[in-house]
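K.L.:
Coordinates for the following, if possible.
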Amino acid sequence: MLILPAIDLQDGRCVRLVQGDFARSTQFSDRPAEVARRWQDEGASWLHVVDLDGAREGAPRNLDAIRRIREAVSIPIEVGGGLRALESVTALLDLGIERVILGTAALKDRAFLHACLERWDERVTVSLDARSGLVATDGWLETSTVPALTLARELAEAGVARFIYTDIQRDGALSGPNLPALAAMIAAVNRPIIASGGVAALDDLRALAKLGAEGAIVGRALYTGEVKLAEALEATSQA
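P.N.:
Sure, this is the predicted structure:
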């Protein structure tokens, strides 16, 4: 199972939120490129980067920081946050980003999603961010009436090759992942699923691997030291 260290960008800084709440933001570094280099040096094979300002405002706002991250490391990077126009996706891919993550647009603008899939295929991942099982949008500021499982099935049929599943109530809370919800998501779609939200210990990662998750995004636990990247990679290397 892949371990993807998370780098969340707010005003060009590396931060972590709790349950997506911008008022509960903790800064961990004002040099995200150095953070990226650290995770690569410690063995990461992928990075997960989110433009938090972009997610809230509907268009990328941290392209300079993302460019510096891309220049600092050689490993693949996936990026999400505010990608609701073809020009925004193109701008990231032109920087050398391997994979883009669509969230709000996957629910609200199906024509845009189809255009992205037709043009970039497996380089497009959809993030299913759920609050009490319902899809949240617009930087998690809004909660729809659409069940995450329903949307996942629809998008899998539409050709989405990979999903990221986030339980917002677990994100940044170090309370453990929502294993039943993730198991239901894996059972619902025959697609690779990357788990996000709540990882607090190596046992959480082992449990995710046992469920069949393709990968796990780890944020706060890495920054606070509850989880050491080298130990996480070793614990999941056989999964």
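K.L.:
which residues in this protein form helices?
P.N.:
Here the chain has its helices, by DSSP state H, at 32-41, 52-57, 63-72, 86-94, 104-108, 110-120, 148-158, 179-188, 202-211, 220-224, 229-236.
K.L.:
out of those helices, which comes closest to residue 167?
P.N.:
When the helices of the chain are compared by Cβ to Cβ, helix 179-188 sits nearest residue 167, at 5.8 Å. Backbone N, C-alpha and C define where each C-beta goes, glycine included.
K.L.:
What residues of that closest one count as buried?
P.N.:
By 16 or more other Cβ atoms under 10 Å, the buried positions in helix 179-188 come out as 179, 181-183, 185-186, 188.
K.L.:
So the residue nearest to residue 159 when sequence neighbours are not counted versus residue 161, what's the distance?
P.N.:
For residue 159, ignoring the flanking residues on the chain, the nearest one in space by Cβ to Cβ, 6 or more residues apart in numbering is residue 117 at 5.0 Å. In this view, residue 117 and residue 161 are 8 Å apart by Cβ to Cβ, to the nearest Å.
K.L.:
can you check residue 122 too?
P.N.:
Noted for residue 122: a distance of 4 Å to residue 161, by Cβ to Cβ.
K.L.:
can you check residue 176 too?
P.N.:
Distance of residue 176 to residue 161, computed by Cβ to Cβ: 28 Å.
K.L.:
related to what we said a few turns ago, which of residue 122 and residue 161 has more neighbours?
P.N.:
Counting neighbours by other Cβ atoms under 10 Å for residue 122 and for residue 161 shows that residue 161 has the greater number, 16 against 12.
K.L.:
Am I right that the more buried one is in contact with residue 190?
P.N.:
No. Using Cβ atoms under 8 Å, residue 161 is not in contact with residue 190; the gap is 10.8 Å.
K.L.:
ends of stretch 151-164, how far apart?
P.N.:
13 Å (Cα to Cα, to the nearest Å).
K.L.:
Repeat that for stretch 214-231.
P.N.:
End-to-end distance of stretch 214-231: 18 Å, with Cα to Cα as the criterion.
K.L.:
Over to stretch 79-93?
P.N.:
9 Å.
K.L.:
buried residues in it?
P.N.:
By neighbour count on 16+ other Cβ under 10 Å, the buried set for stretch 79-93 is 79-84, 88-89, 91-93.
K.L.:
Which of the helices and strands in this structure ranks last by mean pLDDT?
P.N.:
Within the chain, no helix or strand scores below strand 21-29, which has a mean of 77 by mean pLDDT, DSSP states H and E.
K.L.:
Thanks a lot, see you next time.
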